[in-house]
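Q: sequence and predicted structure are below.
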Amino acid sequence: MIITVTMNPAIDKTVELEQLERGSLNRLKNVIMDVGGKGINVSKTIKELGGDSIATGFIGGSGGSLIEKALREQGIKFDFVEIKNEIRTNMKVLESNGFVTELNEPGPVVSEEELEQLTQKLISYANENTLFIMAGSIPNGVSKTVYHDLIQKVKAKGAKVFLDADGELFIHSLEASPDYIKPNRAELEEYFHMDYRADEKELVKMGKQLIEKGIRMAAISLGQMGALFLTADKVIKCPGLKVEAHSTVGAGDAMVAALAYGLDQGLDLAECSKLGLATSAGAVTTKGTKPPKRELVDELMKKVEVIEL
Ligand SMILES: Nc1ncnc2c1ncn2[C@@H]1O[C@H](COP(=O)(O)OP(=O)(O)O)[C@@H](O)[C@H]1O
Ligand SMILES: O=P(O)(O)OC[C@H]1O[C@](O)(COP(=O)(O)O)[C@@H](O)[C@@H]1O
């Protein structure tokens with residue numbers, strides 16, 4: 001069973017306008033609302049691919065009720081810890097030239113008791129057949145070592161963990177050896193303190209260094225350039241697909257979802273890579289943070305090139 005963990009869920013508000021003028025009145029052309037946060041997006045995409053997951057994490061206030069309503073309507077199972085405070089709204093500003101400016105709120109304050117409730121919930125789900133997706137930022141009042149601590153606890157019960165986090169969260173979590181990771185180029189370069197754009201050889205070298213830390217599979221996503229997928233004995237490159245882009249927000253989550261679904265189904269690295277690339281490219285064609293339809297993913301999969309390096 002796949003369990004997604006969203007510690008900092010959000011209502012994603014995508015606003016469209018011609019061009020953003022800083023310091024002026026901007027009138028919007030269109031507004032789209034989606035329920036989001038990384039783990040929740042992963043659950044939405046897994047459902048669209050034909051799989052099942054349980055969405056967990058924190059939920060609170062009227063935004064929380066909206067998320068539960070949307071998940072119920074989409075037939076996605078959920079089991080959140082209800083917190084006292086209201087969850088956040090994240091603004092995605094989409095300009096007609098394709099520029100996306102993301103304004104993500106920090107999130108509510110979560111108490112120690114609420115965190116303990118979530119910890120116990122995750123431990124109760126953990127066994128050899130569980131794959132946890134721990135994804136996204138964490139709310140206020142929670143330590144940056146939280147994923148590290150949770151990974152250790154659920155791995156002790158035989159579960160596997162797919163981690164998608166950045167900055168300090170990523171650094172601490174790696175010390176607990178998550179099984180699967182999906183850093184994007186910027187996250188990887190930041191982790192390795194690179195102050196210039198790494199070339200393919202350097203990206204592969206950095207990916208291999210992460211694998212040596214005990215990670216089973218590392219996907220390095222490169223935006224429109226595609227992605228690299230590494231295990232201890234294979235490196236695969238999939239060049240990006242040319243698609244009509246509407247919003248790149250949610251593309252990373254779509255890749256995580258497809259990889260997790262593929263791994264859970266026992267697909268090999270090449271098949272997982274193909275599914276990951278097609279699903280993420282499909283996500284770019286949808287408005288807001290909606291997942292792509294399975295039929296589109298199947299069409300795109302025919303176009304994915306798998307190159308062994
Ligand atoms: N403009 C684009 N055109 C085609 N595919 C894209 C585009 N942007 C992202 N993707 C796909 O989505 C994946 C994840 O995007 P990326 O921007 O690297 O991740 P994140 O959203 O986590 O920063 C990429 O590896 C690629 O397959
Ligand atoms: O928890 P964070 O890091 O603020 O990210 C949350 C945001 O990321 C998203 O999940 C999209 O992420 P990706 O573009 O990386 O797929 C949004 O839906 C959400 O607003």
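A: Nice, thanks for sending it over. Ligands and ions are numbered 1, 2, ... in the order given.
Q: checking the closest residue to K274 other than its chain neighbours next. Helix, strand or coil?
A: Nearest non-adjacent residue to K274, counting by C-beta to C-beta, 6 or more residues apart in numbering: V304, 4.6 Å away. Using the backbone N, CA and C atoms, a C-beta is placed for each residue, glycine as well. Put simply, V304 is coil when judged by DSSP: H, G, I helix; E, B strand; the rest coil.
Q: what sits against V304?
A: Contact analysis of V304 by C-beta atoms under 8 Å, 6 or more residues apart in numbering lists 238, 241, 273-274, 277-278.
Q: from these, which ones fall inside strands?
A: Among the contacts of V304, the ones falling in strands (DSSP state E) are C238.
Q: tell me the one of the contacts of V304 nearest T145?
A: S273 (31.1 Å; C-beta to C-beta).
Q: what's the burial count for the closest one?
A: 28 (other C-beta atoms under 10 Å).
Q: element containing L28?
A: Under the criterion DSSP states H and E, no helix or strand holds L28.
Q: surely it touches L17?
A: Yes - using C-beta atoms under 8 Å, L28 is in contact with L17, at 5.2 Å.
Q: who has more neighbours out of those two?
A: L17 (15 against 11).
Q: the more buried one pairs with what?
A: Note on L17: beta-bridge partners by DSSP bridges are E95.
Q: got a list of what it touches?
A: L17 touches 26-29, 93-96, counting by C-beta under 8 Å, 6+ apart.
Q: in contact with the most centrally placed residue in the chain, which residues?
A: In the chain, the C-alpha nearest the mean C-alpha coordinate belongs to D253, at 3.2 Å (C-alpha atoms, centre = their mean). Counting by C-beta under 8 Å, 6+ apart, D253 makes contact with 38, 41-42, 45, 135, 164, 283, 289.
Q: tell me if the one helix or strand it maps to is near ligand 2.
A: Using DSSP H and E, D253 sits within helix 251-264. Yes - Helix 251-264 reaches ligand 2 (C-beta under 6 Å from any ligand atom) through 251-253.
Q: any chance of the residues you listed in a markdown table, plus distance to ligand 1 and pLDDT?
A: Below are the residues of helix 251-264 next to ligand 2 laid out as a markdown table (distance: C-beta to the nearest ligand atom, whole Å; pLDDT from 0 to 100):
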| residue | distance to ligand 1 | pLDDT |
| --- | --- | --- |
| A251 | 3 | 96 |
| G252 | 2 | 97 |
| D253 | 7 | 97 |
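Q: what sits against the residue of the stretch 151-300 of the chain found nearest ligand 2?
A: Nearest residue of the stretch 151-300 of the chain to ligand 2: G252, at 3.2 Å (C-beta to the nearest ligand atom). Counting by C-beta under 8 Å, 6+ apart, G252 makes contact with 38, 164, 182, 184, 221, 280.
Q: which residue packs closest to the second one, ignoring adjacent ones?
A: Spelled out, that is D164. A135 is the one closest to D164 (C-beta to C-beta, 6+ apart), at 4.1 Å.
Q: any idea how far I11 is from the one you found?
A: Relative to I11, A135 is positioned 17 Å away (C-beta to C-beta, to the nearest Å).
Q: could you check which of those two is surrounded by more residues?
A: Using other C-beta under 10 Å as the criterion, A135 and I11 rank with A135 on top: 28 against 21.
Q: isn't the more buried one right next to K38, touching?
A: Yes - with contact defined as C-beta under 8 Å, A135 reaches K38; the gap is 3.5 Å.
Q: now do the shared contacts for the two.
A: 6, 164, 253, 256.
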